[in-house]
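**Student:** no sequence on this one, just coordinates:
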């Protein structure tokens, strides 16, 4: 090789400079890595407290902007009983600039909290973000798992959630607070109807931001604090509600019925003391419950109530001076109209009968006779005056107005005849108990009242009982009460009586309208008993409804004894003095009747009970 060759000199120079450039590159990489490590050390170690304080500060600001939800209480003899309260729990949030391993953290957090991993990763990947909410209202398992994981940048903070300490008690009345899309708010019941009052008002924050949208920490900050929600005190007595639910559940289970409803109303005020449906649900675990049980059947489910409606027909005719309790007619056992034959439920022709006997024996022909004397238009007007076919105004969501559309065509007598004994029109339990309560209350219809007081952050507001209208006269109400008392003493309502007290009421056994064809379901019925006591000065108006009891054909064997058991408890609970003399034999008969009614009643047992 010729060392003097210029090409060899150039090669030699290039060979010497190559290692130097490699060293320079390594040095540059080292400097950059050292700078990154120093920056990370500064952010995650030395400035950890600063950025955590910023995140906590932002969370503190947010807490000041979120109102505390109002709570819900029932009443009892000793004061108030909480049924929807706020419970301390924890929320999970992230400080993204503290996170060391983004992929691992996103994976673990999504697994523990049940979140979408990709969405979680997107929340965590911006290192400039100081505060990111991951999930609210963690359960105990999630809290423990997150604490054990010890993930950098993932923190827990105190917050409140909704808790229902009584579980299923009054669940359809209360509803629950739950998620819908991204909104955590009242669902069903009181929680939904009074959502704006319970939720309160969120606060407002104004602060200047930089060009990238970040807060300027030294800028002007204006905070309008949140206004906490109102608390509600219901008219429901929690002891009466508990006992109503217990008795109702026992009846539905014993008769293997599909479901049932009980409403207890204070006769003079219209206050709802109990509103129970079975099956119910646990609002603390609403996600695991059958959604059908969320529905409040007492106000939402209209039905053809049957003979219990005859009370409305006769009360209207009495008020119009068309009949009296002793008015007679000849029962031929059937009425022919527009090609239809309408018969009595007992398929008998009873001859000369009084209006009192019409209800005692629950004669369809007698109800038609009274409706004919009253006239179609007057009958329709009275039905409306009793509050049927219109909303009662109870402060609960989902109320149904029922359906009395069949009473619009005044020349279709057949519609009015069937309506006179509760078929061809539909009502809700809350409408029906209100109609009976109007008779108990001297002819005055009261608006069902379920809110007694509203406790605001700075004041207290009491609602008052509200009269809707005068439906019938006091005299007509008194005469109707005597007829209903006779039904309990001499008619199909014997098992609803309570020894020592004068109880008034009426049974109703209705067929269930078919959902997929014209007519009614074969072999299915709904038993209802509605009434009040004591008749001298009514304290309670009660409705019991049992849907499709198995092996029980008539309401006198299902709804009536359930009513009697509940009414006895109510009178004892309120320490109402007996209004009539009774013996131990009467009490033994009461107990025997109710014990028998809690088992399947075959024909032989039914005859024995009828003879008592």
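**Tutor:** All right, it came through fine. Computed from a prediction, not measured in an experiment: that's the story for all the values here.
**Student:** which residues are in contact with the closest residue to residue 503 other than its chain neighbours?
**Tutor:** Nearest residue to residue 503, sequence neighbours excluded (C-beta to C-beta, 6 or more residues apart in numbering): residue 533, at 4.2 Å. Backbone N, C-alpha and C define where each C-beta goes, glycine included. By C-beta atoms under 8 Å, 6 or more residues apart in numbering, residue 533 lies in contact with 498, 501, 502, 503, 504, 539, 540, 567, 571.
**Student:** name the residues of the helix or strand harbouring the last one that come out as buried.
**Tutor:** To tie it back to what came earlier, the one meant is residue 571. Using DSSP states H and E, residue 571 sits in helix 559-573. Neighbour counts over helix 559-573 (16 or more other C-beta atoms under 10 Å) mark 559-571, 573 as buried.
**Student:** report the spatially closest residue to residue 422, excluding sequence-adjacent ones.
**Tutor:** That would be residue 309: by C-beta to C-beta, 6+ apart, it lies 3.1 Å from residue 422.
**Student:** okay, now that neighbour: neighbour count?
**Tutor:** Applying other C-beta atoms under 10 Å, we find 27 residues neighbouring residue 309.
**Student:** count of neighbours near residue 474?
**Tutor:** Residues near residue 474, counting by other C-beta under 10 Å: 12.
**Student:** thinking it is in contact with residue 442, fair?
**Tutor:** Yes. Residue 474 is in contact with residue 442 according to C-beta atoms under 8 Å; the separation is 4.7 Å.
**Student:** what's around residue 320, how many residues?
**Tutor:** Neighbour tally, residue 320, other C-beta under 10 Å: 18.
**Student:** just to check, it is in contact with residue 377?
**Tutor:** No. Residue 320 is beyond contact range of residue 377, at 11.4 Å (criterion: C-beta under 8 Å).
**Student:** can you show me the helices along the stretch 451-600 of the chain?
**Tutor:** Applying DSSP state H, counting those that start in this stretch to the stretch 451-600 of the chain gives helices spanning 474-490, 559-573, 584-597.
**Student:** mean pLDDT for those: which is lowest?
**Tutor:** Ranked by mean pLDDT, the helices of the stretch 451-600 of the chain end with helix 584-597 at the bottom, a mean of 55.
**Student:** and this protein, what are its domains?
**Tutor:** Per the record, the chain has its domains at 50-229, 235-283+295-611, by automatic domain parsing.
**Student:** quickly compare those and say which is most buried.
**Tutor:** Of the domains of the chain, the one with the most neighbours on average (mean count of other C-beta atoms under 10 Å) is domain 235-283+295-611, at a mean of 20.
**Student:** starting at the chain centroid, how far to that one?
**Tutor:** A distance of 22 Å separates the centroid of the chain from that of domain 235-283+295-611, by C-alpha atoms, centre = their mean, to the nearest Å.
**Student:** one step back: the contacts of residue 533 in strands, which ones?
**Tutor:** The strands, defined by DSSP state E, take in 504, 540 from the contacts of residue 533.
**Student:** below-threshold pLDDT in the protein: ranges please.
**Tutor:** Counting by pLDDT under 70, the chain has low-confidence residues at 1-28, 30, 33-65, 181-182, 204-222, 515-517, 519, 582-612.
**Student:** spatially central residue for it, please.
**Tutor:** The centroid of the chain falls nearest to residue 172 when counting by C-alpha atoms, centre = their mean (2.2 Å).
**Student:** that one: helix or strand, and which one exactly?
**Tutor:** helix 171-174.
**Student:** partner residues bridging residue 138?
**Tutor:** residue 90 (DSSP bridges).
**Student:** so residue 444 touches residue 471, yeah?
**Tutor:** Yes. Taking C-beta under 8 Å as the definition, residue 444 is a contact partner of residue 471 at 7.1 Å.
**Student:** what do the two both touch?
**Tutor:** Joint contacts of residue 444 and residue 471 (C-beta under 8 Å, 6+ apart) are residue 438.
**Student:** can you redo the domains of the chain as TSV with distance to residue 289?
**Tutor:** Formatted as TSV, these follow (distance: least, C-beta to C-beta, whole Å):
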stretch	distance to residue 289
domain 50-229	9
domain 235-283+295-611	4
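**Student:** measure stretch 68-87 end to end?
**Tutor:** 11 Å (C-alpha to C-alpha, to the nearest Å).
**Student:** so what touches that stretch?
**Tutor:** Applying C-beta under 8 Å, 6+ apart, the set of residues contacting stretch 68-87 is 160-166, 169-170, 174, 177, 190-191, 197-200, 226, 228-239, 241, 283, 452, 455.
**Student:** same question for stretch 347-354.
**Tutor:** Counting by C-beta under 8 Å, 6+ apart, 325-334, 344, 357, 361, 363, 366 sit against stretch 347-354.
**Student:** now do the end-to-end distance for it.
**Tutor:** 18 Å.
**Student:** what about the helices in the stretch 151-300 of the chain?
**Tutor:** Going by DSSP H, counting those that start in this stretch, the stretch 151-300 of the chain shows helices at 171-174, 189-193, 195-199, 238-254, 297-300.
**Student:** could you dump those helices to CSV with distance to residue 551?
**Tutor:** Listed next are those as CSV, based on distance: least, C-beta to C-beta, whole Å:
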stretch, distance to residue 551
helix 171-174, 27
helix 189-193, 34
helix 195-199, 44
helix 238-254, 10
helix 297-300, 22
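**Student:** for residue 526, see how far away residue 434 is.
**Tutor:** 18 Å (C-beta to C-beta, to the nearest Å).
**Student:** coming back round to it: and the contacts of stretch 347-354, which of them are in helices?
**Tutor:** Mapping the contacts of stretch 347-354 onto helices (DSSP state H) picks out 357, 366.
**Student:** of all the contacts of stretch 347-354, which comes closest to residue 493?
**Tutor:** When the contacts of stretch 347-354 are compared for distance to residue 493 (C-beta to C-beta), residue 361 wins out at 11.5 Å.
**Student:** surely that closest one meets residue 487?
**Tutor:** No. Here residue 361 does not reach residue 487: they are 9.3 Å apart, not a contact under C-beta under 8 Å.
**Student:** which residues sit against the helix holding residue 172?
**Tutor:** 72, 83-84, 164, 188-191, 234, 236, 275, 277, 280-283, 293-298, 396, 450.
**Student:** with stretch 240-260 instead?
**Tutor:** Under C-beta under 8 Å, 6+ apart, the answer for stretch 240-260 is 74, 168-170, 261-262, 264, 273-280, 297, 544-552, 558, 562, 565-566, 569-570, 573, 598-600.
**Student:** burial check on residue 289, number of neighbours?
**Tutor:** Residue 289 has 18 nearby residues by other C-beta under 10 Å.
**Student:** now it. Nearest residue, chain neighbours left out?
**Tutor:** Closest to residue 289 by C-beta to C-beta, 6+ apart is residue 281, at 4.1 Å.
**Student:** does that neighbour touch residue 294 like I think?
**Tutor:** Yes. Counting by C-beta under 8 Å, residue 281 does reach residue 294; the two are 6.4 Å apart.
**Student:** list the contacts of the closest residue to residue 476 other than its chain neighbours.
**Tutor:** Excluding the flanking residues, the one nearest residue 476 by C-beta to C-beta, 6+ apart is residue 319, at 3.9 Å. By C-beta under 8 Å, 6+ apart, the residues touching residue 319 are 382, 443, 471, 472, 473, 476.
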